[in-house]
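**Student:** Need a 3D model of the following:
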Amino acid sequence: MTVGLKPGVLDVQGKAVAGALQELGFKGVEDARVGKRIEIQLDGDLDPATAEAEVREMCEKLLANTVIESYRVEIGS
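**Tutor:** Prediction:
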C-alpha cells in the first residue's frame with residue numbers, strides 16, 4: 001500500500017525535496033510529495049477481495065492517519 005498526505009495538507013518534506021532538487025539544477029521541479037510504501041505479506045490462502053479488505057482495515061486502524069493521509073491498496077500475486 002502507498003500512504004501519503006491528502007491534497008491541501010502541507011507536506012514539509014515534499015517542499016524540502018523540491019527545493020533541494022531545484023538547487024541541484026533540476027529547474028523543472030515545481031513540487032514534490034513524500035509518502036511511504038508498506039508491503040505486507042499475507043497468508044496465501046486469502047482470496048484477493050478478502051486480502052484487500054483486511055489491508056484496508058489495517059490502514060484505517062493503524063497504518064494511515066486518515067484525517068490527513070490517504071492510502072492506496074494494491075494486491076499482488
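**Student:** outside of the worst-scoring helix or strand of the chain on mean pLDDT, which residues touch it?
**Tutor:** Every helix and strand of the chain was ranked by mean pLDDT, DSSP states H and E. The lowest is helix 48-58, at a mean of 95. For helix 48-58, contacts defined as Cβ atoms under 8 Å, 6 or more residues apart in numbering pick out 1, 40, 42, 46, 73, 75. Placement of C-beta: from N, CA and C, glycine included.
**Student:** Next up, the contacts around the last one.
**Tutor:** When you say that, I think you mean residue 75. For residue 75, the contact set (Cβ under 8 Å, 6+ apart) comprises 48, 51, 52, 55.
**Student:** For the third one, give its distance to residue 73.
**Tutor:** Separation of residue 52 from residue 73 (Cβ to Cβ, to the nearest Å): 6 Å.
**Student:** Residue 21 now?
**Tutor:** 29 Å.
**Student:** now residue 62
**Tutor:** Residue 62 sits 14 Å away from residue 73 when distances are taken as Cβ to Cβ.
**Student:** higher neighbour count, the two?
**Tutor:** Neighbours per residue (other Cβ atoms under 10 Å) separate residue 62 from residue 73, with residue 73 holding more: 15 against 8.
**Student:** Would you confirm that that one contacts residue 60?
**Tutor:** No: when contacts are counted by Cβ atoms under 8 Å, residue 73 is not listed as touching residue 60 (10.9 Å).
**Student:** secondary structure element for the residue nearest the centre of the chain?
**Tutor:** Centroid-nearest residue in the chain: residue 3, 2.0 Å away (criterion: Cα atoms, centre = their mean). Using DSSP states H and E, residue 3 falls within strand 2-5.
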